[in-house]
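Enquirer: dropping a prediction and its sequence here:
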Amino acid sequence: GAVVSQHPSRVICKSGTSVKIECRSLDFQATTMFWYRQFPKKSLMLMATSNEGSKATYEQGVEKDKFLINHASLTLSTLTVTSAHPEDSSFYICSAPGPGGGTEAFFGQGTRLTVV
Amino acid sequence: QKEVEQDPGPLSVPEGAIVSLNCTYSNSAFQYFMWYRQYSRKGPELLMYTYSSGNKEDGRFTAQVDKSSKYISLFIRDSQPSDSATYLCAMKYSGGSNYKLTFGKGTLLTVNP
């Protein structure tokens, strides 16, 4: 299947700093990517839809100024958590539809963010 | 009522057992149904994907969709310790460019050697 690479897999940062997470589609182009947040024993919560060349679409209740999304190319989307607080600590996962706009979604490895 | 309901478990079975995982949903507009496996601290990986009602088999895994009952299942035969993971059901609407998936909470499965 298609491969989506997410980096870093784990990051620890201090409160008030910003953290950037990268999501890359390998060997295929993704005009759309999705960013999820996952709490322990909870389902994946869609945060936003990243669109190449245009603004991201945020889900209700997600602060767009806090979670900045940039989809600058057909293979790269980034999520920046700005002015991080301990409550932002979570598992963040990106995904992309398969090559050719397939129905299946392929996920990155996830990023464990810990804000201290 | 949530759109997708999935018993979070945990579910513990002996090696070799047949495992049955299930999800129910409320929105009849869902047309595509998927099962993902997620190991601890990893992203989900696609296991099975079906469209509309019916069965699909892939090795030890069988996915079933019953749209009349709004019920989907994943069966794992001859379960192995390496199958120990969280299994997430997911589904999406048909049509357009809407790739958004709606997930269940996931069921934590442990297969004991």
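Expert: Looks like it arrived, so ask away.
Enquirer: ok, the residue of chain B at minimum distance from chain A - how many residues close by?
Expert: Closest to chain A within chain B is B:Gly43: 3.8 Å, counting by CB to the nearest CB. For glycine as for every other residue, the C-beta is placed from the backbone atoms N, C-alpha and C. Neighbour count for B:Gly43, taken as other CB atoms under 10 Å in any protein chain shown: 24.
Enquirer: my guess is it meets A:Gly110, correct?
Expert: Yes: using CB atoms under 8 Å, B:Gly43 makes contact with A:Gly110 at a distance of 4.4 Å.
Enquirer: identify the residues contacting the closest residue to A:Lys66 other than its chain neighbours.
Expert: Using CB to CB, 6 or more residues apart in numbering or on different chains and skipping the chain neighbours, the partner closest in space to A:Lys66 is A:Thr82 (5.6 Å). Contact analysis of A:Thr82 by CB atoms under 8 Å, 6 or more residues apart in numbering or on different chains lists A:Ser18, A:Asp65, A:Lys66, A:Phe67, A:Leu68.
Enquirer: cool, and B:Ser26?
Expert: Counted by CB under 8 Å, 6+ apart, B:Ser26 has contacts B:Gln1, B:Lys2, B:Glu3, B:Val4, B:Lys70.
Enquirer: may I have the beta-bridge partners of the fourth one?
Expert: For B:Val4, the residues forming beta bridges with it (DSSP bridges) are B:Tyr25.
Enquirer: do I have it right that it meets B:Met34?
Expert: No: using CB under 8 Å, B:Val4 is not in contact with B:Met34, being 11.3 Å away.
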